Structures are given as structure tokens and as C-alpha cells.
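Colleague: Pasting the sequence and the predicted coordinates here, then a few questions.
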Amino acid sequence: MLARSLVQLLPPQEKSPLRSWFRKLGQLTESEKDTKMRDEYMWFILMMLQCQKIREPFNKNPPPEIEPLRDLVPAKVYEEILVANSENMTWLDKTNLEQEAEKVESDRYKTCPAGIFLENQPHPQEGIICYLAAFSDQSYP
């Protein structure tokens, strides 16, 4: 609902392809995997709408078969949208931290298995994947 409302703020030429994407994503209901994939796409579309930048592949009609987001969206576009929304993400991180402060201490350190984490990340067509840890002097509750 929020995404459809935000589409109204876009130029007319960008509205039609996004509406086609919404219809296509609305059909992804057959399995839990489809639902998760739909949710990932909607999250990314909302991120684009927040910074009012509609990038490929969402500026064209959707393909007949929907692939995982990491395979369809170029890494450069993915990075551009995340950087453009970094201020929003900071606010979201603070909100999430406040909510997690109320949880039990043992729940705070639960992590997903490394294999599942890596499966959900964008994969480069050539090259390697490198993750690193970043530290901050910001204090958390």
C-alpha cells in the first residue's frame, strides 16, 4: 500500500513499469520462498521510492520469470540506492536498537548460519566476495 501511494509522486513515464512490477510481484504467493522473494523486491522498491530514484530493472516491465533480487539488480544500482538511503537506515538502526534493548540478553546474540547469510547477499558475476567488520565509537543501549 505504501509503495503504491509513493508511486503517485513519480513522473508519469516511471509509474507504468512500477505498476507492472507490483502486479507481477503480487502473483508470487505459491510458496514461502516466493513470498520472501516478493518481500525483498518490495523492500528494495520502497528504498528507491524514498530517494525518488527508479533504477534498472524497475524502470522497465518485469521479465516473465522473476529471479532473486541479487541476480536481477546490478551491484552498482544496489549500492547506489543503499548509499542514497543511508540517513534513513541510521534512523532505522536506532529504532531497532531501542526495540532490541527490551529483549532478553541471550536473544541479542543470535545469528544466522553463515551459509544462509551468504545465500542472501548479491553475488558478483566475476571477482570475489569480501566482507569486513566495521567498528564505531557510537554507544548503544
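Modeller: The structure has been received and is ready for your questions. Residues are numbered from 1 along each chain as shown.
Colleague: Could you use CA atoms for every contact and neighbour count after this?
Modeller: OK.
Colleague: dump the residue contacts of Gly26.
Modeller: Counting by CA atoms under 8 Å, 6 or more residues apart in numbering, Gly26 touches Arg38.
Colleague: scratch that, Asp39
Modeller: Applying CA under 8 Å, 6+ apart, we find Asp39 in contact with no residue.
Colleague: Could you check how far it is from Lys33?
Modeller: From Asp39 over to Lys33 the distance is 10 Å, taken as CA to CA, to the nearest Å.
Colleague: how about Gln52, secondary structure?
Modeller: What DSSP: H, G, I helix; E, B strand; the rest coil gives for Gln52 is coil.
Colleague: Any stretches of this structure with poor pLDDT?
Modeller: 1-11, 15, 84-115, 117-118, 131-141 (pLDDT under 70).
Colleague: tell me the helices in it, going along the chain?
Modeller: Per DSSP state H, the chain carries helices over the ranges 2-7, 12-26, 32-50, 69-72, 75-84, 86-100, 105-108, 114-119.
Colleague: Would you mark the buried spots in the fourth one?
Modeller: Read it as helix 69-72. By neighbour count with 16 or more other CA atoms under 10 Å, helix 69-72 contains the buried residues Leu69, Arg70.
Colleague: That one packs against which elements?
Modeller: In terms of contacts (3 or more CA pairs under 8 Å, 6 or more residues apart in numbering; DSSP states H and E), helix 69-72 is packed against helix 32-50.
Colleague: So for the helix it packs on, what gets flagged as buried?
Modeller: Under 16+ other CA under 10 Å, the buried positions of helix 32-50 are 34-35, 37-38, 40-42, 44-50.
Colleague: burial count for Ile81?
Modeller: A count of nearby residues for Ile81, using other CA atoms under 10 Å, gives 21.
Colleague: Once you drop chain neighbours, what's closest to it?
Modeller: With CA to CA, 6 or more residues apart in numbering as the criterion, Ile81 has its nearest non-adjacent residue at 6.2 Å, and that residue is Met48.
Colleague: wait, doesn't the one you found sit right on Ile54?
Modeller: Yes. Using CA atoms under 8 Å, Met48 is in contact with Ile54, at 5.8 Å.
Colleague: Return the distance of the residue nearest to Glu56 when sequence neighbours are not counted relative to Arg55.
Modeller: Of all residues not flanking Glu56 in the chain, Val73 sits nearest, at 6.9 Å (CA to CA, 6+ apart). Going from Val73 to Arg55 by CA to CA gives 9 Å.
Colleague: Lovely, talk soon.
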